[in-house]
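have a look at this fold, sequence not included:
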């Protein structure tokens, strides 16, 4: 595992490279996702540009690894596009970006309608963490994470 991580790090732009800002296309993201799948990662977070819905759909349909996205979204319509057009597996909600509690609750409801789990994104401050904990306790979270 260590040598795999080193090879992956060496191929990244920098050791702190964030996949969504690296300019990956769907084909490259799929190749890397397949390489990670043997290590049974739980999900791959934001591997593509936030509005690359076609790329997300190709990636989601081409791998068994769960694809998580949504941390960059700022309103519910873009979440609907990620869920329906991008076919993501896990919806990431950031209360500081999506419009607050009310909008986050609506997004969580849309995700529940599609059978998708919602997870928190946002650990910038203790206030954000406390707010996210309240949000996560207010929504119905899937009791089991089925494998793809």
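It's in. In this text, all values refer to a predicted model and were calculated from it rather than measured experimentally.

distance-wise, check residue 74 relative to residue 48.
Using CB to CB, to the nearest Å, residue 74 is found at 17 Å from residue 48. All C-beta atoms are positioned from the backbone trio N, CA, C, and that covers glycine.

more neighbours: which of those two?
When residue 74 and residue 48 are compared for neighbours, residue 48 comes out ahead with 25 against 14, by other CB atoms under 10 Å.

okay, now the closest residue to that one other than its chain neighbours: neighbour count?
Once flanking residues are discounted, residue 48 sits nearest to residue 55: 4.7 Å by CB to CB, 6 or more residues apart in numbering. Using other CB under 10 Å as the criterion, residue 55 is surrounded by 20 other residues.

so where's the chain shaky on pLDDT?
Across the chain, the ranges flagged by pLDDT under 70 are 1-23, 140-148.

quick one, strands of the chain?
43-45, 66-69, 90-93, 118-120 (DSSP state E).

next, format the ones you listed as TSV and append distance to residue 32.
Below are these laid out as TSV (distance: least, CB to CB, whole Å):
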stretch	distance to residue 32
strand 43-45	8
strand 66-69	12
strand 90-93	18
strand 118-120	21
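
I am finished for the moment; much appreciated.
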